[in-house]
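In: generate a structure from the sequence data that follows.
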Amino acid sequence: MKRNSCLYLLLLVLCASLPQRLWAQRAFDVITGDRNLSASNFCIYRETTAPLTPPPPGKRPFYISHYGRHGSRYLSNRKAYDMPYQTLCRADSLGKLTALGRQVKDELQVIIDDSEGRWGDLTGIGKKQQRMIAQRMMQHFPEVFEGEAFIDARSTNVNRCILSMGSAVLKMVSLNPQLRVTMDCSFHNMWYLNHQDKLLRDSMMTHRAKAAFDAYCAPRERNPRLMELLFNDAEYVKQHVNHKWLNYYLIKTALIQQNTHISSDRPPFLLDLFSYEEIHRFWQCENAWWYITYGPSLLNGGLEPLTQRYLLRKIIDEADSIMALDTHGASLRFGHETVVLPLACLLGINGYDFQTEHLELLEEQGWWACLVFPMASNIQFVFYRSDAADRDVVFKVLLNEQEATLPLPGDMAPYYRWSDFRRFYLDRLEKGESALRLERQRVHSHLLDHSQQTVGAGW
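Out: Purely as a prediction, here's the structure:
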């Protein structure tokens, strides 16, 4: 685990310092060093010991605004397990599996038995992640949590998020019993904790985006070598096995086990089925999918990050309210990777607002979703002032506890003035919401025209 953490830290340093032309090489190199980093949104959280930059003279932290993903979990449902398991069971009943294929079938049975009744549940690893993040937050910024500091914690109404919130808050209270804690989990808060925009959701994978995605993934999806390892009859495979999805679900099954106790109790048998090149190709396809569906891809208009416009406004409004008071504490919010990633893109953290139509550019440009949203991923705004009367508030943003950059003016990075942030992002939100209104009008007009044509044809 220590070696893997060092590799992850090295990756973050490389991300910030290497020329762009080296990105493609480094992605493969990093995966070669730790295959689990190819797991996209199944990546386990890596603890970091990277140093933090001291604040400007006279400034001290007084408030943290946080949004975090739940900790490590079991697979959400059994579909990803059933497809490969049933495929192998059917082949085994006909004598079409190799000895290795039968071993893989038996391993899948062990994994399914372990997961049964726990689909989507927070694991023990996930609870520990949240406790440790909370502990480091208090260690790094003790002034925020001293005395009777307030903790306003809220989560989506999903069990793994509720338990993540509970794990973090219980750890904080154990370190400072004087904390004034409020916790809430209600559908009432879902409008900003996990907003789902129907217009944007329906436009994620446009015909143009799907064509580009399919073309990008086509040479990366098939794995004839794996078929030869598992089956003893090539003609049977050709007629009865879906190469693409068997390869896909076996890799996914292998990679999510890092989040469960199976990863420590058993060797990574399933992951050993795949070469580093095959795992890298899987990572490329996953990265492209997340870019199109939750990133700022121009293939679908580049508006997907605006799903988090309400959350960003909430962060701004609550920070403004705290600044007007002589108080200190933290706002903690617990949700999902489908919020963390588009929020990072909307903010432009570390250049994640990069826009392109060309999926081949993502890797070399450093748009790597796995660095943004591992299990327990988090975005923290840490605010500083000299005293309650100080209106020149500065802040920094942490992505997974690492200091990050924003597309803001100034010469204090990683620190920025809050007044600059408000001006820049309220303007970005206004322009984005204007673009959304135009898109809604376009869709409405298209549907109206189609309806009128249909009625006319009927007459």
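In: point me to the helix or strand that includes residue 292.
Out: Per DSSP states H and E, residue 292 falls inside helix 276-294.
In: tell me the strands beside the longest strand along the chain, with direction?
Out: Counting residues, the longest strand found in the chain (DSSP state E) is strand 60-69. When pairing is defined by DSSP bridges, strand 60-69 lines up against strand 329-335 (parallel), strand 378-385 (antiparallel).
In: format those as TSV; extra columns: distance to residue 166.
Out: Where you see a C-beta, it was placed from the backbone N, CA and C, and this is true even at glycine. Supplementary listing: the strands paired with strand 60-69 in TSV, determined by distance: least, CB to CB, whole Å:
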stretch	distance to residue 166
strand 329-335	9
strand 378-385	16
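In: deepest of these, which one?
Out: strand 329-335 (a mean of 25; mean count of other CB atoms under 10 Å).
In: contacts for the helix or strand just after that one?
Out: Next in sequence after strand 329-335, counting helices and strands by DSSP H and E, comes helix 337-347. Helix 337-347 is contacted from outside by 41, 67-69, 193-195, 290, 294-296, 304-309, 311-312, 350, 352-353, 369, 372-373, 377-379, 397, 399, 406, 425, 428, 432, using CB atoms under 8 Å, 6 or more residues apart in numbering.
In: can you flag which of those residues belong to helices?
Out: Of the contacts of helix 337-347, the ones assigned to helices by DSSP state H are 193, 290, 294, 309, 311, 312, 425, 428, 432.
In: who wins on neighbours among those?
Out: Within these, most neighbours by other CB atoms under 10 Å means residue 294, with 27 neighbours.
In: who are the contact partners of it?
Out: 204, 304, 305, 307, 338, 341, 342, 345.
In: quick check, nearest of those residues to residue 27?
Out: Closest approach to residue 27 among those (CB to CB): residue 341, at 17.7 Å.
In: identify each buried residue in stretch 277-294, please.
Out: 278-294 (16 or more other CB atoms under 10 Å).
In: so where's the stretch 151-300 of the chain uncertain?
Out: The model of the stretch 151-300 of the chain has pLDDT under 70 over residues 263-264, 267.
In: can you get me the start-to-end distance on stretch 352-365?
Out: 10 Å (CA to CA, to the nearest Å).
In: next one: stretch 88-99
Out: Calculated as CA to CA, the first-to-last residue distance of stretch 88-99 is 12 Å.
In: nearest spatial neighbour of the residue nearest the centre of the chain, skipping sequence neighbours?
Out: Nearest residue to the geometric centre of the chain (CA atoms, centre = their mean): residue 373, 2.4 Å. Nearest-residue entry for residue 373: residue 337, 3.9 Å, with adjacent residues in sequence omitted and distances by CB to CB, 6 or more residues apart in numbering.
In: same question, residue 244
Out: residue 221 (4.8 Å).
In: so that neighbour touches residue 248, yeah?
Out: Yes. Using CB atoms under 8 Å, residue 221 makes contact with residue 248 at a distance of 7.2 Å.
In: who has more neighbours out of the two?
Out: Just comparing residue 221 and residue 248: by other CB under 10 Å the higher neighbour count belongs to residue 248, 20 against 16.
In: go ahead and confirm the more buried one touches residue 282.
Out: Yes. If you go by CB under 8 Å, residue 248 and residue 282 touch, sitting 7.4 Å apart.
In: coming back round to it: just the buried ones from the contacts of residue 294, in PyMOL syntax?
Out: In PyMOL, this line selects whichever of these come out buried by 16+ other CB under 10 Å:
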select buried, resi 204+304+305+307+338+341+342+345
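In: for the contacts of residue 294, which one is nearest residue 364?
Out: residue 345 (18.0 Å).
In: ok, that closest one to residue 402 distance?
Out: Residue 345 sits 17 Å away from residue 402, taking CB to CB, to the nearest Å as the criterion.
In: export stretch 105-119 to PDB, keeping only CA atoms.
Out: Extracted as PDB, the C-alpha positions of stretch 105-119 are listed here (Å, rounded to 0.1, in the frame of the first residue of the first chain):
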ATOM      1  CA  LYS A 105     -15.900 -19.100 -13.100                       C
ATOM      2  CA  ASP A 106     -15.200 -20.300  -9.600                       C
ATOM      3  CA  GLU A 107     -13.600 -17.000  -8.600                       C
ATOM      4  CA  LEU A 108     -16.700 -15.100  -9.900                       C
ATOM      5  CA  GLN A 109     -18.800 -17.300  -7.700                       C
ATOM      6  CA  VAL A 110     -16.800 -16.300  -4.600                       C
ATOM      7  CA  ILE A 111     -17.100 -12.600  -5.500                       C
ATOM      8  CA  ILE A 112     -20.800 -12.900  -6.100                       C
ATOM      9  CA  ASP A 113     -21.400 -14.700  -2.800                       C
ATOM     10  CA  ASP A 114     -19.400 -12.000  -1.000                       C
ATOM     11  CA  SER A 115     -21.300  -9.200  -2.600                       C
ATOM     12  CA  GLU A 116     -24.800 -10.700  -2.200                       C
ATOM     13  CA  GLY A 117     -27.000  -8.500   0.000                       C
ATOM     14  CA  ARG A 118     -24.400  -5.700  -0.100                       C
ATOM     15  CA  TRP A 119     -24.900  -4.200  -3.500                       C
END
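In: make 104 the starting number, not 1.
Out: Done: numbering now begins at 104, and the last item shifts to stretch 208-222.
In: list the buried ones in it?
Out: 208, 210, 211, 214, 217, 218.
In: likewise for stretch 251-263?
Out: 252, 253, 254, 255, 256, 257, 258, 259, 261, 263.
In: ok, stretch 235-242 next?
Out: Neighbour-count burial for stretch 235-242 flags 235, 236, 237, 240, 241 (criterion: 16+ other CB under 10 Å).
In: residue 306 against residue 403, yeah?
Out: Yes. Assessed by CB under 8 Å, residue 306 is found in contact with residue 403 at 5.5 Å.
In: the more surrounded of these two?
Out: Neighbour count, other CB under 10 Å: between residue 306 and residue 403, residue 403 has more, with 21 against 16.
In: dump the residue contacts of that one.
Out: Residues near residue 403 by CB under 8 Å, 6+ apart: 306, 307, 308, 309, 311, 312, 395.
In: repeat the analysis, applying 6 Å as the threshold.
Out: 306, 309, 312 (CB atoms under 6 Å, 6 or more residues apart in numbering).
In: now do the strands in the stretch 454-562 of the chain.
Out: Assigned by DSSP state E, counting those that start in this stretch, the strands in the stretch 454-562 of the chain fall at 481-488, 497-502, 505-506, 519-520.
In: tabulate these (a markdown table), appending distance to residue 330 and mean pLDDT.
Out: Formatted as a markdown table, the strands of the stretch 454-562 of the chain follow (distance: least, CB to CB, whole Å; pLDDT from 0 to 100):
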| stretch | distance to residue 330 | mean pLDDT |
| --- | --- | --- |
| strand 481-488 | 40 | 98 |
| strand 497-502 | 39 | 98 |
| strand 505-506 | 40 | 98 |
| strand 519-520 | 52 | 98 |
